[in-house]
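Engineer: Turn this into a model:
(2 chains, ligands or ions: 6)
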Amino acid sequence: MTDLVVEFSTADGVVRAVDGLTYSVDAGRTLAIVGESGSGKSVSSLAVMGLLQSPPARIAGGSIRFNGTELLTMSRKQHRAYCGEHIGMVFQDALAALNPVYTVGWQLTEALRARHGFSRRQARTRAIELLDMVKVPAARQRVSEYPHQFSGGMRQRVMIAMALAMDPEVLIADEPTTALDVTVQAQIMTLLAEIQAERQMGLILITHDLGVVATVADQVTVMYAGRAVEQAPVLEAYGSPAHPYTKALLQSIPRLDRKGGELEVIPGRPPDLLAVPAGCPFHPRCERAEDVCRTGAPPPVVELPGGRSAACHFAQEVMTDA
Amino acid sequence: MPDGSEGDVLLQVDDLVKYYPVRRGVVFKRTVGQVRAVDGVSLTLRRGQTLGLVGESGSGKSTLAKLLVGVEAPTSGRILVEGVDVSGMKRAERRRLRRTIQLIFQDPYTSLNPRMSVGEIVGEAFAIHPDAAPKGARTKAVRELLDLVGLNPDHLNRYPHQFSGGQRQRIGIARALAVKPRILICDEPVSALDVSIQGQVINLLEKLQDELGLAYLFIAHDLSVVRHIADQVAVMYLGRTAETGTDVQVFEQTRHPYSRALMSAVPLPDPTLRDTRRPIVLEGEVPSPAAPPSGCRFHTRCWLAPIVAGREGGDGTGVPSVCSTVQPELEQQEASGHLAACHFAADVTSEAVGHD
Ligand SMILES: Nc1ncnc2c1ncn2[C@@H]1O[C@H](COP(=O)(O)OP(=O)(O)OP(=O)(O)O)[C@@H](O)[C@H]1O
Ligand SMILES: Nc1ncnc2c1ncn2[C@@H]1O[C@H](COP(=O)(O)OP(=O)(O)O)[C@@H](O)[C@H]1O
Ligand code: SF4
Ligand code: SF4
Ligand SMILES: [Mg+2]
Ligand SMILES: [Mg+2]
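Structural biologist: Ligands and ions are numbered 1, 2, ... in the order given. Okay, the predicted model is just below:
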């Protein structure tokens, strides 16, 4: 993805939900995209999948290439078909993403029947295999059940199975465990890691949980107000964050392994995208902000050693500060 | 206070039970069973203290909260508020209790009436409890409350949709504080909020506790948040307490296999620990509280039971018969105030699982 820009036209004006986002993911690697709600994580992945409703959405710029093939110049239909073959997606809300009136098995194999001419019987066999793969117990019986008969964790497994039905090379998982208990989250993350290793699949994991990122990701992209403010390998991003927002986020979360004093919080809240502050969008909340941060264009992306980058006038200093 | 035994007891719960009937049939509903949402919970909450309540979804946390604020009546057991048994009280009598105990909801988006202004929402409590503030002084009281929770008092004529999630949660807190309660029951008060906003609300709750001497029952999925805020912790599983003690006892000297599994599953925000820490992945999901397993309710998912069974001979797949037949009671561990309900509590910390 290079310089992606996505806008929505709303009654109050044009909202720029993604504003120049660039990232890449390699086979067998995990890229985590973190950010608070509304920072553009979901919109950018819907753009990859060709799933943005237009209008109100408009892709106002940029490029999304998969193994060199440009997706954004394709027709909507071509785009969807291409993703069907190469890129799978697991949605935030599994219940909403599943159709309540069809059995789980039927939904799992819709694409196989439609595009690959599987018979009902072949499809059922394949559906059972897929449920087995994501470790749904008693797959043979459960394949004929409806989504509401599945627990939240099991529904998320079904979503993963569905995304894997076409053997994608890249999987986008949008907050796949946000609504689940930590115990079930651990089951799902373990499952994803196994499948990824087995297939050398690229994984784009969207989350707001910095613990999950630290546990599974190779690379992390931190988003704020539609932009990537920092991109780095996980060890470096956590060890020596180069953007004040990343640094503040890491300091503001309570930790299980120690009892801290008062939490260091980030004052204020994420900007309204209809009125993004001039200069650096983070400046009203940044403890490091200086005059140069408050006016003009947003700070440019600074390339840093080790294949990292950050969009801050003082990235170098922030990174080397203790 | 290492064993939490200082300070006045504000709330004492003894062997509290709440069963919901399971009904079948469309016209003639028959009761075919019971959901044991809360099944024998005891706890003590002291002035100025925070008791953190954790456990998977469906373990009975919210039901317990509803019993404590009097929204639901218990099937059996006692709730003592400042020494007075309120469990058998009629609705009207419970109102008085409501003044002492207030609830803060999880969802700042749906818990506020969208057609009422902030001033009306916060001031509403004065209509129900007229003695909380004299009539002429109510607007002033509302402004003070808004100020106390960090909102601009001049915004009292605004409506909930004009506020962000974190601000709405502050409105909910101001409303709860209006009647000068001594106990706040917080059911997932920060779960719906963004990371950067969560911290603001947590700090506010801690500040209010210091200033007003409030006691909190703090329910949360997020164990890290509970670790941060709680002095005492109770871990619930299928309507019962698995383990309870001070935060250090429960988090560092863990004596129940379920607590240990829960903690191991929390991903720590430190990538350098990645290779040394493995979650104890519990198989399956929480069984239905309508048909809890025999003996120890955790025996169908317990990681320790098969280890113990293996050690005592056998093929290492079964569980000791005591686990599947005898319900373990909460028992005192080494340190006073630390209780765990496991037949093999002494083995929990020594078994090396969850680490490489
Ligand atoms: N009114 C009711 N009728 C029947 N069953 C109920 C009722 N309220 C709760 N239950 C059941 O009681 C059990 C405990 O529910 P409760 O809401 O207390 O769980 P919880 O620990 O708060 O879970 P969560 O973490 O998901 O909020 C669940 O199995 C639930 O389905
Ligand atoms: N259909 C839509 N119409 C208008 N604005 C939208 C629409 N969908 C998303 N947005 C806006 O785009 C921004 C980014 O949203 P999203 O990508 O969903 O955030 P998140 O990072 O939480 O996934 C938000 O400000 C959101 O309100
Ligand atoms: S550019 Fe300025 S305001 Fe923005 S993050 Fe860097 S120091 Fe803070
Ligand atoms: S009593 Fe047995 S089954 Fe229950 S937690 Fe202890 S070891 Fe596990
Ligand atoms: Mg999203
Ligand atoms: Mg609940």
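
Engineer: How many residues are close by residue 131?
Structural biologist: I'll assume chain A. Counted with other Cβ atoms under 10 Å in any protein chain shown, the neighbours of A:Leu131 add up to 23. For every residue, glycine as well, the C-beta is placed using N, CA and C.

Engineer: think we crossed wires, I meant chain B
Structural biologist: Neighbour number of B:Asp131 under other Cβ under 10 Å is 9.

Engineer: Next one: it from A:Asp26, what distance?
Structural biologist: 67 Å (Cβ to Cβ, to the nearest Å).

Engineer: swap in A:Leu249?
Structural biologist: In terms of Cβ to Cβ, A:Leu249 sits 25 Å off from A:Asp26.

Engineer: of these two, who's got more company?
Structural biologist: Set side by side, A:Leu249 and A:Asp26 show more neighbours around A:Leu249, with 24 against 12, by other Cβ under 10 Å.

Engineer: where does the more buried one land on pLDDT?
Structural biologist: A:Leu249 is assigned a pLDDT of 94 by the prediction.

Engineer: For B:Leu204, give me its contacts.
Structural biologist: B:Val149, B:Gly150, B:Arg170, B:Ile173 (Cβ atoms under 8 Å, 6 or more residues apart in numbering or on different chains).

Engineer: does B:Glu124 count as helix, strand or coil?
Structural biologist: helix (DSSP: H, G, I helix; E, B strand; the rest coil).

Engineer: For it, grab the count of nearby residues.
Structural biologist: Neighbour tally, B:Glu124, other Cβ under 10 Å: 15.

Engineer: packing partners for the helix or strand of chain A with the lowest mean pLDDT?
Structural biologist: Lowest by mean pLDDT, DSSP states H and E among the helices and strands of chain A is helix A:94-97, with a mean of 78. With contacts taken as 3 or more Cβ pairs under 8 Å, 6 or more residues apart in numbering or on different chains; DSSP states H and E, helix A:94-97 sits against helix A:152-164.

Engineer: Let me know whether the helix it packs on sits next to ligand 1.
Structural biologist: No - Helix A:152-164 lies out of reach of ligand 1 by Cβ under 6 Å from any ligand atom, never closer than 9.4 Å.

Engineer: Within its sheet, name the partner strands of the helix or strand that comes right after that helix and how each one runs.
Structural biologist: Downstream of helix A:152-164, the next assigned helix or strand under DSSP states H and E is strand A:170-174. Paired neighbours of strand A:170-174 in the sheet (DSSP bridges): strand A:87-90 (parallel), strand A:202-207 (parallel).

Engineer: mind putting those in TSV, mean neighbour count included?
Structural biologist: Formatted as TSV, those follow (neighbours: other Cβ atoms under 10 Å in any protein chain shown):
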stretch	mean neighbour count
strand A:87-90	24
strand A:202-207	24
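
Engineer: ok, and residue 102, which helix or strand is that part of?
Structural biologist: Assuming you mean chain A. Using DSSP H and E, A:Tyr102 sits within no helix or strand.

Engineer: I was after chain B.
Structural biologist: Element membership for B:Gln102, per DSSP H and E: strand B:101-104.

Engineer: who does B:Pro21 bridge with?
Structural biologist: Beta-bridge pairing of B:Pro21 under DSSP bridges involves B:Gln34.

Engineer: Which pLDDT value belongs to residue 33?
Structural biologist: Looking at chain A here, since you left the chain open. pLDDT, the model's per-residue confidence, is 97 for A:Ile33.

Engineer: not what I meant, chain B
Structural biologist: 85.

Engineer: Kindly report the same for the one 3 residues further on.
Structural biologist: In this model, B:Arg36 is scored at 94, pLDDT.

Engineer: Out of the strands paired with strand A:170-174, flag the one nearest A:Gly40.
Structural biologist: Comparing these by their distance to A:Gly40 (Cβ to Cβ), the top pick is strand A:202-207, with 10.3 Å.

Engineer: quick one: that closest one near ligand 2?
Structural biologist: No - Strand A:202-207 does not reach ligand 2 (Cβ under 6 Å from any ligand atom); its nearest approach is 6.8 Å.

Engineer: which residues sit against that strand?
Structural biologist: Contacts with strand A:202-207, where a contact means Cβ under 8 Å, 6+ apart, come from A:25-34, A:41-42, A:45, A:169-178, A:192, A:196, A:212-213, A:216-217.

Engineer: for the chain, which helix is longest?
Structural biologist: No chain specified, so I'll use chain A. helix A:182-199 (DSSP state H).

Engineer: other chain: chain B
Structural biologist: Longest helix in chain B, counting by DSSP H: helix B:195-212.

Engineer: how about the CA coordinates for that one, as CSV?
Structural biologist: Once non-C-alpha atoms are left out, helix B:195-212 reads as follows in CSV (Å, rounded to 0.1, in the frame of the first residue of the first chain):
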residue,chain,number,x,y,z
VAL,B,195,-6.7,3.1,25.5
SER,B,196,-5.7,6.7,26.0
ILE,B,197,-9.1,7.5,27.5
GLN,B,198,-9.2,4.5,29.8
GLY,B,199,-6.3,5.8,31.7
GLN,B,200,-8.0,9.1,32.2
VAL,B,201,-11.1,7.5,33.7
ILE,B,202,-9.0,5.1,35.9
ASN,B,203,-7.1,8.0,37.3
LEU,B,204,-10.3,9.9,38.0
LEU,B,205,-11.8,6.9,39.9
GLU,B,206,-8.6,6.7,41.9
LYS,B,207,-8.6,10.4,42.7
LEU,B,208,-12.3,10.3,43.7
GLN,B,209,-11.6,7.3,46.0
ASP,B,210,-8.8,9.2,47.8
GLU,B,211,-10.9,12.4,48.1
LEU,B,212,-14.2,10.8,49.1
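
Engineer: List the buried residues for that helix?
Structural biologist: Going by neighbour count (16 or more other Cβ atoms under 10 Å in any protein chain shown), the buried part of helix B:195-212 is B:195-206, B:208-209.

Engineer: try stretch B:19-28
Structural biologist: B:Tyr19, B:Tyr20.

Engineer: CA-only coordinates of it in PDB, if you can.
Structural biologist: Extracted in PDB, the C-alpha atoms of stretch B:19-28 (Å, rounded to 0.1, in the frame of the first residue of the first chain):
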ATOM      1  CA  TYR B  19     -30.700 -18.900  40.200                       C
ATOM      2  CA  TYR B  20     -32.700 -18.000  37.100                       C
ATOM      3  CA  PRO B  21     -35.300 -20.400  36.000                       C
ATOM      4  CA  VAL B  22     -34.900 -22.000  32.500                       C
ATOM      5  CA  ARG B  23     -38.300 -22.100  30.900                       C
ATOM      6  CA  ARG B  24     -39.500 -24.100  27.900                       C
ATOM      7  CA  GLY B  25     -42.800 -24.000  26.100                       C
ATOM      8  CA  VAL B  26     -44.600 -21.100  24.400                       C
ATOM      9  CA  VAL B  27     -48.000 -21.000  26.100                       C
ATOM     10  CA  PHE B  28     -47.500 -23.000  29.200                       C
END
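
Engineer: Could you tell me how far the longest helix of chain A lies from the centre of the chain?
Structural biologist: 16 Å (Cα atoms, centre = their mean, to the nearest Å).

Engineer: One more: stretch B:332-348?
Structural biologist: So, by Cα atoms, centre = their mean, the centroid of stretch B:332-348 is 21 Å from its chain's centroid.

Engineer: With stretch B:277-288 instead?
Structural biologist: 20 Å.

Engineer: Tell me who's in contact with A:Ala96.
Structural biologist: A:Ala96 touches nothing, counting by Cβ under 8 Å, 6+ apart.
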